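Q: sequence plus the predicted model coming up.
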Amino acid sequence: MKKFDIVFILVLISGLILGSFIGTLADKIPYLYWLNYGKTIGLTQPFILDLGFFTFDFGFTVSFTIAGIIGMLIAGIIYKKFF
């Protein structure tokens with residue numbers, strides 16, 4: 001993986017996190033509640049492997065919201081402009 005690929009992925013993830021945070025804040029505003037609308041996918045109940053002496057719990061969920069997707073798009077535009 002090239003350095004710019006890693007930077008691009010980090011910029012997109014930061015845009016997703018910032019957008020989701022803004023969506024959570026906008027949920028309390030009556031006319032911006034739709035920004036927090038989204039879908040959660042993944043393993044909602046963790047996968048548990050119990051071998052008696054070793055227990056392994058694995059759970060993974062990803063939540064996409066409209067604000068998070070908008071944040072990723074803005075982060076991608078910023079990346080193209082400055083990198």
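A: Here it is on my side, so go on.
Q: CA atoms for contacts and neighbours, from now on please.
A: OK.
Q: quick one, helices of the protein?
A: All helices of the chain, identified by DSSP state H, fall at 3-26, 66-82.
Q: other residues contacting the longest one?
A: Translated: helix 3-26. 32-33, 35-36, 64-76, 79 (C-alpha atoms under 8 Å, 6 or more residues apart in numbering).
Q: then the shortest one?
A: When contacts are defined by C-alpha under 8 Å, 6+ apart, helix 66-82 is touched by residues 8, 11-23, 34-38.
Q: are any of those buried, and if so which?
A: Neighbour counting with 16 or more other C-alpha atoms under 10 Å marks 8, 11-23, 35-36 as buried within the contacts of helix 66-82.
Q: residue contacts, the residue nearest to residue 47 when sequence neighbours are not counted?
A: Distance criterion C-alpha to C-alpha, 6 or more residues apart in numbering; nearest residue to residue 47, sequence neighbours excluded, is residue 58 at 5.0 Å. By C-alpha under 8 Å, 6+ apart, residue 58 lies in contact with 46, 47, 48.
Q: look up phi and psi at the closest residue to the first one other than its chain neighbours.
A: What sits nearest to residue 46 in space, not counting adjacent residues and going by C-alpha to C-alpha, 6+ apart, is residue 59, at 4.2 Å. Comment: the main-chain dihedrals of residue 59 come out as phi -140, psi 140, following degrees, to the nearest 10.
Q: relative to residue 49, how far out is residue 6?
A: 33 Å (C-alpha to C-alpha, to the nearest Å).
Q: now do residue 18
A: Taken as C-alpha to C-alpha, the span from residue 18 to residue 49 is 34 Å.
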